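**Q** I would like to see how this sequence folds:
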Amino acid sequence: MVYNQNKKQYFIAIQKDLFNNLEQTVTKHNLHYYDDEINKIKMDKAVFLLDFINYQKSYRKDDITENGFIRIPSDILNVYLQKELKKYKEFLKDHNYIKVLPYSDKLSQSYGYKVCLNYDSNKSDKEKREYIVYEFLSKSYEQTLIKSAEKNAQIQQKKLAADRNTKHLTKWINEENIQVDWLSAFKFIDNNKSLSIEQKEQYSHSLNRIRFNQWQYSRSSNDNRLHSNLTNFPSILRRFLSHKGQSLVSLDIKTSQPYLLAGLFNLIIGKEWEKIERLKQGIRATDVKDKFDTVMNTISLDSLTITDFEAYKNLVCCNDIYSYIGANLSDSFISSIISPEGGYEDKEYNASLMRKTTTYYKDLRSYCKVLVLEYMYCAIETSSKRLKEMKRIYPDAVNKFIYNFKFCEELNIPKRQGDKKRTKIQRDKIVKSKKLFAKFLQQLEAYIILDVVTKELSKIYPEMFMATIHDSIVVPKEYEIKVKAFIQKRLYEILGIEADIKSENW
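**A** The predicted structure follows:
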């Protein structure tokens, strides 16, 4: 899906076989109806819905369910489809062009959608992923889509206007500065036997967004991060991106969020209140900032607290935290997660499927990496064995800091008292409070990377291409050594502990 604002045109790149099959189905269906009959299907709207589903999957890849569905609010689709979502959803579902996941009353989740991939088995992978540019049959409907896009663009523009301090990064997010070798990328996708057909379609759609210059970026007030085509682009395809012929490299902070937490503890131990205040002012969300003040006021710098904060700092700076956690899990717990197939496995709740599913890990370190993040982001009332293991291994003062960040008074109300249970308002408050610690770490990371380090780099090297993917900074390969040294220097100046920066060539 591409909106050309200058030419006032809306283009859609659609897989050729899919288009041909759909055209035949629509033509056959419409033979039974007159032009003005309500049950007649318009090709424009059918193509748009298929493309919009794939677009949402490429842009919101973290929201895709285990079975490949993406949930999309019906009110949004009805705007684009002129209140005919039900008709087109049923038509495409009945003819096996899409599958639909039911609406969830319990979790208030929208319908889920995914495009069915019905390929001719006799055709090659290259033929299966041959694309054409769809041109609308109805110019009036195209104008309707354009107006909707312009309205969304205005909203987006307001967000960008509010985030002018990231123009040193957003100025590079366009076709003049980022090129993709899409022919080689498509060939790589086609020949990669480890990818499922659905993954190939999803990757192809992400690729086409850059190929057809559909650039988007926004800075979320929720996590303070800069989101763009690059943050949603499959990592295995990054090798096909370049800047004006220059190879790129991403520089990542190793174990970034544990590192940031350790850095904060280091500043607290050293009573570096001015530096802590500067970090607090970089947090954009008022609720996170207020919570941070509350938590800081609960800290008593006695000898036990200092010892615990020092222990966590040393754990992050002097050891591999994931390997350390793995080495200190109890023997009985490790035995419970050993997979019969080798490696490790554990059951985790899948919100999209509303049930627990089994996840496999090739080694204990990979499992512990997920475990560390889960402990940071889980609800206080979560009582799984693996999280109990984390609490046992982590120093008490660190556990208390994380607990206080997630705590709210509503947690003192029992889940049930006879026939009564917590109200929806109380439950929502608990869920919101649970997320504050995750938001705190994300906002802290975004402030340091976006508002300090990259901004300063842009002044030192004004002609250097630069982009970010959350905790990593992307630059041309020729700048790797200089930029890496600068990142390490500034992080040490900000937090007082050394950071391990790893390079990944694109």
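
**Q** drop to CA atoms for contacts and neighbour counts, all remaining ones
**A** OK.

**Q** so who does Gly43 touch?
**A** To be clear, residue 43 is Met; Gly isn't right here. Contact analysis of Met43 by Cα atoms under 8 Å, 6 or more residues apart in numbering lists Glu23, Val26, Leu137.

**Q** where does the prediction get shaky in the chain?
**A** 1-11, 105-108, 118-129, 149-163, 221, 349-355 (pLDDT under 70).

**Q** mind running it again at 50?
**A** 1-8, 158, 161-162 (pLDDT under 50).

**Q** Phe233 versus the spatially most central residue of it, what's the distance?
**A** Geometric centre of the chain, nearest residue: Asp62, 4.8 Å, by Cα atoms, centre = their mean. To Phe233, Asp62 is 12 Å away according to Cα to Cα, to the nearest Å.

**Q** circling back to that earlier point, sec struct for the residue nearest to the centre of the chain, please.
**A** Put simply, Asp62 is helix when judged by DSSP: H, G, I helix; E, B strand; the rest coil.

**Q** against Ala46, how distant is it?
**A** 25 Å.

**Q** again, but for Thr382
**A** 44 Å.

**Q** so which of these two has more stuff around it?
**A** Ala46 (22 against 10; other Cα atoms under 10 Å).

**Q** run a quick neighbour tally on the closest residue to Tyr312 other than its chain neighbours.
**A** In this structure, Tyr312 finds its nearest non-sequential neighbour in Ala262, 6.5 Å apart by Cα to Cα, 6 or more residues apart in numbering. Ala262 is flanked by 25 other residues according to other Cα under 10 Å.

**Q** please begin residue numbering at 883 from this point
**A** New numbering, starting at 883: the last item is Ala1144.

**Q** name the element Ala1144 belongs to?
**A** Using DSSP states H and E, Ala1144 falls within helix 1138-1151.

**Q** now do the buried residues in the helix or strand following that helix.
**A** Next helix or strand after helix 1138-1151 toward the C-terminus (DSSP H and E): helix 1155-1163. Across helix 1155-1163, burial judged by 16 or more other Cα atoms under 10 Å covers Lys1157, Ile1158, Leu1161, Lys1162.

**Q** and for stretch 1188-1206?
**A** Buried residues in stretch 1188-1206 (16+ other Cα under 10 Å): 1188-1195, 1197-1199, 1203-1204.

**Q** likewise stretch 1275-1283?
**A** So for stretch 1275-1283, counting by 16+ other Cα under 10 Å, buried means Ile1275, Pro1277, Ala1279, Val1280, Asn1281, Phe1283.

**Q** and what of stretch 906-920?
**A** Thr907, Val908.

**Q** between the two ends of that stretch, what distance do you get?
**A** First-to-last distance for stretch 906-920 - Cα to Cα - comes to 19 Å.

**Q** burial of the closest residue to Ser1212 other than its chain neighbours, as a residue count?
**A** Leaving out its chain neighbours, the residue that sits closest to Ser1212 by Cα to Cα, 6+ apart is Glu1271, at 7.6 Å. Burial measure for Glu1271: 17 neighbouring residues, criterion other Cα under 10 Å.

**Q** correct me if wrong: Glu1271 contacts Ser1214.
**A** No. Assessed by Cα atoms under 8 Å, Glu1271 is found out of contact with Ser1214, at 10.8 Å.

**Q** can I get the buried residues of helix 1155-1163 in JSON lines with distance to Ala1349?
**A** Shown next, in JSON lines, are the buried residues of helix 1155-1163 (distance: Cα to Cα, whole Å):
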{"residue": "Lys1157", "distance to Ala1349": "26"}
{"residue": "Ile1158", "distance to Ala1349": "27"}
{"residue": "Leu1161", "distance to Ala1349": "22"}
{"residue": "Lys1162", "distance to Ala1349": "24"}
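
**Q** closest one of these to Ile1383?
**A** Here the nearest of those to Ile1383, counting by Cα to Cα, is Leu1161; it sits at 20.9 Å.

**Q** shouldn't the closest one be in contact with Ala1328?
**A** No. Between Leu1161 and Ala1328 there is no contact under Cα under 8 Å: 10.8 Å.

**Q** need the buried residues of stretch 1188-1206 in a markdown table (columns: secondary structure).
**A** Formatted as a markdown table, those follow (three-state DSSP):
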| residue | secondary structure |
| --- | --- |
| Ile1188 | helix |
| Thr1189 | helix |
| Asp1190 | helix |
| Phe1191 | helix |
| Glu1192 | helix |
| Ala1193 | helix |
| Tyr1194 | helix |
| Lys1195 | helix |
| Leu1197 | helix |
| Val1198 | helix |
| Cys1199 | helix |
| Ile1203 | helix |
| Tyr1204 | helix |
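
**Q** could you single out the nearest of these to Glu966?
**A** Nearest to Glu966 among these, with distances taken as Cα to Cα, is Tyr1204, at 50.7 Å.

**Q** and the strands in the stretch 1083-1232 of the chain?
**A** Per DSSP state E, counting those that start in this stretch, the stretch 1083-1232 of the chain carries strands over the ranges 1099-1101, 1108-1110, 1123-1124, 1130-1135, 1226-1232.

**Q** now do the fourth one against helix 1138-1151, angle only.
**A** Using axes from the mean of the first three to the mean of the last three Cα atoms, to 10 degrees, the inter-axis angle of strand 1130-1135 relative to helix 1138-1151 is 40 degrees.
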